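let's see this in three dimensions:
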Amino acid sequence: TTTVTDDTAQLVHTWTATGTQTVQEAGIFDTSTASGGNMLARQTFTAKNLETNDTLQLTYKVKVA
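Below you'll find the predicted structure:
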């Protein structure tokens, strides 16, 4: 709840790195495939360097008005 009861969707996902990589953006899509679909939201952030087996958890809160 942000302003009105039940007006906010919270999406949480944890990724485990399968190799060395840098992550600096995340998005919410309406499909689970690697390509296509529509983007609901996108956020960039300071680069996070990950090594194999590191985890990254992102939480998105979307207010529906």
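
what about the strands in this structure?
8-16, 21-29, 39-50, 55-63 (DSSP state E).

among these, which comes closest to residue 1?
Closest to residue 1 of these is strand 8-16 (Cβ to Cβ; 6.0 Å). No exception for glycine: its C-beta is placed from N, CA and C like everyone else's.

can you list contacts of that closest one?
1-2, 28, 53-64 (Cβ atoms under 8 Å, 6 or more residues apart in numbering).

quick one: which of those residues is most hemmed in?
Using other Cβ atoms under 10 Å as the neighbour test, those are led by residue 28, with 17 neighbours.

doesn't residue 41 make contact with that residue?
Yes. In this structure residue 28 lies within contact range of residue 41 using Cβ atoms under 8 Å: 4.6 Å.

which residues are common contacts for the two?
Counting by Cβ under 8 Å, 6+ apart, the residues touching both residue 28 and residue 41 are 60, 62.

follow-up on the earlier one: make JSON lines from the strands of the chain and add mean pLDDT to it.
Putting those into JSON lines (pLDDT from 0 to 100) gives the following:
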{"stretch": "strand 8-16", "mean pLDDT": "93"}
{"stretch": "strand 21-29", "mean pLDDT": "93"}
{"stretch": "strand 39-50", "mean pLDDT": "94"}
{"stretch": "strand 55-63", "mean pLDDT": "92"}
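
ok, what's across the strand from the closest residue to residue 3 other than its chain neighbours?
Among residues not flanking residue 3 along the chain, residue 63 sits closest, at 7.2 Å (Cβ to Cβ, 6 or more residues apart in numbering). Counting by DSSP bridges, residue 63 is bridged to residue 8.
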